[in-house]
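Q: got a predicted structure plus its sequence, pasted below:
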Amino acid sequence: MKKIYFAAVFTVLMSLGAVAQTVVRTTTTSNQQTVYRALPNGHDGLNVGASFMLPIADLSDYSSAGVALDINYLYPIAPMLNMGIASGYAVVFGDDYQGPIFEYEGEDFQYIPVSVATRYVPTEKVEFGADLGYAIGVSNGFDGGFYYRPVIAFNLTEMVQLNFSYTGVNNNNSWVTWSTLNFGVMFNLN
């Protein structure tokens, strides 16, 4: 059933993208000529990258760092709007604790996010967006949960992008709020 759902979502996104306009027609009044200018598409297509994760809130009591590998495929569905799918692999390293009686070895928490990605591209250099989906827990101490990641990105070139994001994973069974600030780089492979 999940395969059919993802195939249907992908088909809808692709069909919307087929009619997306990538140019704007502007008419100047001085000499009555029409000029076409390309709208910014941002980093559409296949993108891969990595992020450094800084745990915040409750998670900072149990971890001091993490890393993530990111991959997404974005398709222009409307002028200045890209949508697609995103995934990756993230690990938040558990800290060791020395208590008064015993020592506790921290466990690393790992998950695979599966999400829908949206990016608004107002200029060639800046993108805003969010990833919404589910984080599949890979480690024993983390079951996964609702995954959300608002993103602001700065396109340095057509191939290189710096991004800053906040990642949250909500799980009703967890005693820790999963929150990180992320600083990363993405590479466009088109």
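A: Right, received. Where do you want to start? All values reported here derive from a predicted model rather than from experimental measurement.
Q: what's the strand or helix carrying Ala86 packed up against?
A: Secondary structure assignment for Ala86, by DSSP states H and E: strand 81-94. Here strand 81-94 touches helix 2-18, strand 45-55, strand 63-78, strand 109-120, strand 126-137, going by 3 or more C-beta pairs under 8 Å, 6 or more residues apart in numbering; DSSP states H and E. Every C-beta, even on glycine, is put in place using the N, C-alpha and C of the backbone.
Q: shaky segments in the protein?
A: 1-39, 141, 172-177 (pLDDT under 70).
Q: ok, the most centrally placed residue in it - contacts?
A: The centroid of the chain falls nearest to Asp131 when counting by C-alpha atoms, centre = their mean (4.8 Å). Each residue near Asp131 by C-beta atoms under 8 Å, 6 or more residues apart in numbering is listed here: 72, 86, 113, 115-118, 147-149, 151.
Q: just give me the closest of these to Asn47.
A: Ranked by distance to Asn47 (C-beta to C-beta), those are led by Asn72 at 5.2 Å.
Q: I'd say the closest one and Asn82 touch.
A: No: here Asn72 lies out of contact with Asn82, judged by C-beta atoms under 8 Å, at a distance of 9.4 Å.
Q: mutual contacts of the two, please.
A: Ala117.
Q: circling back: need the helices and strands packed on strand 81-94 in CSV with distance to Met159, can you?
A: Below are the helices and strands packed on strand 81-94 laid out as CSV (distance: least, C-beta to C-beta, whole Å):
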stretch, distance to Met159
helix 2-18, 21
strand 45-55, 10
strand 63-78, 14
strand 109-120, 16
strand 126-137, 14
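Q: between these, which gets nearest to Leu181?
A: Going by C-beta to C-beta, the one of these nearest Leu181 is strand 45-55, 4.6 Å.
Q: who are the packing partners of the closest one?
A: Checking 3+ C-beta pairs under 8 Å, 6+ apart, strand 45-55 ends up next to strand 63-78, strand 81-94, strand 160-170, strand 178-188.
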